[in-house]
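**Q** Sharing a model that was predicted from the sequence below.
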Amino acid sequence: MIGRCLVKVCGITTFSGDSETWANVDWIGLNFWPRSPRHLTLDAAESLAPQLPAHLLRVGVFLDPVETLVHDAIAAAGLGLLQFHGDESPEFCRRFGLPFVKAFAARGPQVASRVPDYVDGPESWYLLDAAAGGGSGMPVDLSLARALREQLPGRMILAGGLRPDSVAAAIAAVEPAGVDVASGVESAPGVKDPARVRAFTDAIRKAP
C-alpha cells in the first residue's frame, strides 16, 4: 500500500509486467459481469489467477449475479474480496463469508442514505463511481465525493476516470482511503499497459 491510499487495478483479462510494475498495487479486479468488455469466464479466471503476484488481493467484481456464480468464482480464482455494482441487498453481499465492497453511482447526495446499510464499521469499504456498473471512464464530481467521504462511515474507494495525470489531484481533493483504476491504465479493454500502471502508482507516490 502506498502511504494511506490503497491502489486497485480493475478489470484485467491478461497479465503482463514485471514485479516492479505491480509492487505498489494492492488489489486486482477480476470482472464476472457478462456484459462488461472486461468480462472473464470462470475458466479464464482460473487460468489467469496463478499468474498474479501473491501480494495482490483478488477481487471479484459482480453486477446482480446469481449466487452460484459468486461461489464458483471464489473457488475458480481464489477470491479474497467481493465487489458488487448492482442492486444487491446487504444480506446478499454478506452471504459468502468474505469481506465485500459495495459500489455506488455518485449521482447526487441521496447516495448517502444507502451506504450505511452496507458498512459494518470503520474498517468496511464502499466504492464511489460516476456510473452504475462502473468501467465508464467518466470522472466523479470531486466536491460531491469529498462531501460524502466526510459524511459517511467506512472507507471510501474513489473510482471513475482516474488516470496517471489526474489521480494525484483527485486524491488531494477527496482524501479517499483507496483509488480504483481500469481504463486509465489500459491499451485496450482488459489489457493493462505496464508503463501506464507504473505511471499511475508513481503519480500517487510522488504526490505532495
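**A** All right, it came through fine.
**Q** next one: the longest helix along the chain to chain centre, how far?
**A** In the chain, with assignment by DSSP state H, the single longest helix is helix 194-206. Chain-centre distance of helix 194-206: 16 Å, with CA atoms, centre = their mean, to the nearest Å.
**Q** ok, now which ones touch residue 60?
**A** Residue 60 makes contact with 29, 30, 32, 70, 73, 74, 77, 79, 81, 82, 83, according to CB atoms under 8 Å, 6 or more residues apart in numbering. Every C-beta, even on glycine, is put in place using the N, C-alpha and C of the backbone.
**Q** Please, where are all the strands along this protein?
**A** For the chain, the strands defined by DSSP state E cover 6-10, 27-31, 57-62, 81-84, 100-105, 125-129, 155-158, 178-181, 186-188, 191-192.
**Q** Out of the ones you listed, which is closest to residue 141?
**A** strand 125-129 (9.7 Å; CB to CB).
**Q** Mind exporting the C-alpha coordinates of the closest one to CSV?
**A** Taking Å, rounded to 0.1, in the frame of the first residue of the first chain, the C-alpha atoms of strand 125-129 are listed here in CSV:
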residue,chain,number,x,y,z
TRP,A,125,-15.2,-0.3,2.3
TYR,A,126,-17.5,1.3,-0.2
LEU,A,127,-16.8,2.5,-3.7
LEU,A,128,-17.9,5.7,-5.4
ASP,A,129,-18.1,5.7,-9.2
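**Q** Parallel or antiparallel, list what pairs with it.
**A** In the sheet, strand 125-129 lines up against strand 100-105 (parallel), strand 155-158 (parallel) (DSSP bridges).
**Q** So, low pLDDT: which residues of the chain?
**A** Counting by pLDDT under 70, the chain contains low-confidence ranges at 1-3, 131-137.
**Q** so where do the helices sit in it?
**A** 19-22, 42-48, 67-77, 90-93, 142-151, 167-174, 194-206.
**Q** got the contact list for the third one?
**A** When contacts are taken as CB under 8 Å, 6+ apart, the neighbours of helix 67-77 outside the stretch itself are 30, 32, 42-43, 45-46, 48-49, 58, 60, 62, 79, 82, 92, 95-96, 98.
**Q** Can you mark which positions in it are buried?
**A** Neighbour counts using 16 or more other CB atoms under 10 Å place 70, 72, 73, 74, 76, 77 of helix 67-77 among the buried residues.
**Q** most centrally placed residue in this protein?
**A** Note on the chain: the residue nearest the mean C-alpha position is residue 180, at 4.5 Å, using CA atoms, centre = their mean.
**Q** returning to that earlier point: just the buried subset of the contacts of helix 67-77, written out for PyMOL, thanks.
**A** Command for PyMOL that selects the buried part of the contacts of helix 67-77, burial taken from 16+ other CB under 10 Å:
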select buried, resi 30+32+45+46+48+49+58+60+62+79+82+92+96
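**Q** measure the closest residue to residue 129 other than its chain neighbours to residue 77 for me?
**A** Once flanking residues are discounted, residue 129 sits nearest to residue 159: 4.3 Å by CB to CB, 6 or more residues apart in numbering. Relative to residue 77, residue 159 is positioned 21 Å away (CB to CB, to the nearest Å).
**Q** I appreciate the help and will end here.
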